[in-house]
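> only geometry, no sequence info:
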């Protein structure tokens, strides 16, 4: 498999559930990102990891908890979400986080919180 | 904080005609301006980018122009085809600084090509 993959592609969860989103990149990149994409709004950067170390956290609520066990995998753990958290969650990777040009995006996980 | 304004939010053009999408940015230190295309059910994909030391860049039917003084940049698609239908995002970032990969995206333009 090539590029950036995300699972699951669709997720419906209740506000009391706990779920995790998974991202894997097969590009040998050192940096990985989580974005939130809501309708008619710009992509919102949530977290940045460089070589498994979190380097950016954009005031994201604690009900979103990222985990980066190695440079190829990134998780987003979800718990006690709100309906307004429903969105497309995109994972991306890049060669590094300070000088690289292009970010490569996965297809996203469409999350619906009931 | 930094922001990127993108217009129009929706654009419909006849197949074969040209499409233009415009963006403005607020951070005068921005020096890298990528454009991403997002097709239905897929993540955004880079289609062209431009750096601040260049005023124009072209790749086949796609061109981007940059006016650093006015902090404007635009995407031009000529001879549009049905496969150009997608959502296009502009972005601005400061390459070479800390947090340089913190790209600021515009809100997107939904481009529809009428047959």
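Yep, that arrived. Treat the numbers as computed from the prediction; the structure is a model and nothing was measured.
> Please make it C-alpha for all contacts and neighbour counts, starting now.
OK.
> okay, now residue 94: neighbour count?
Because you didn't say which chain, this covers chain A. 23 (other CA atoms under 10 Å in any protein chain shown).
> let's do chain B instead
Other residues within reach of residue B:94, judged by other CA under 10 Å, total 23.
> go on, residue B:83?
Residue B:83: 9 surrounding residues under other CA under 10 Å.
> With residue B:35 instead?
Close neighbours of residue B:35, defined as other CA under 10 Å, add up to 21.
> And residue B:24, by the same measure?
Using other CA under 10 Å, residue B:24 has 22 other residues around it.
> Who does it form a beta bridge with?
When assigned by DSSP bridges, residue B:24 has beta-bridge partners residue B:5, residue B:72.
> quick one: it and residue B:8 touch, right?
No - using CA atoms under 8 Å as the test, residue B:24 is too far from residue B:8 to be in contact (11.8 Å).
> where along the chain do the strands fall?
By default, I'm working from chain A. A:4-7, A:10-13, A:18-25, A:31-37, A:44-50, A:53-57, A:64-70, A:73-79, A:87-94, A:104-105, A:109-113 (DSSP state E).
> right idea, wrong chain: chain B
So, for chain B - with DSSP E - the strands run B:4-7, B:10-14, B:19-25, B:32-38, B:45-51, B:56-59, B:62-67, B:72-77, B:86-92, B:104-105, B:109-114.
> what residue ranges in chain A score low on pLDDT?
Under the criterion pLDDT under 70, the flagged ranges of chain A are A:1, A:99-101.
> Point out the residues in it that sit beside chain B.
Applying CA under 8 Å from any CA of the partner chain, we find that chain A lies next to chain B at A:40-43, A:45, A:56, A:90, A:97-108.
> Please spell out the PyMOL selection for the buried subset of these.
Buried residues within these, by 16 or more other CA atoms under 10 Å in any protein chain shown, are selected in PyMOL with:
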select buried, chain A and resi 42+43+45+90+97+98+99+101+102+103+104+105+106+107+108
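> Contacts only, for residue 109.
Looking at chain A here, since you left the chain open. Counting by CA atoms under 8 Å, 6 or more residues apart in numbering or on different chains, residue A:109 touches A:6-11, A:21, A:88-90.
> Switch to chain B, please.
Residue B:109 touches B:6-11, B:21, B:87-89, counting by CA under 8 Å, 6+ apart.
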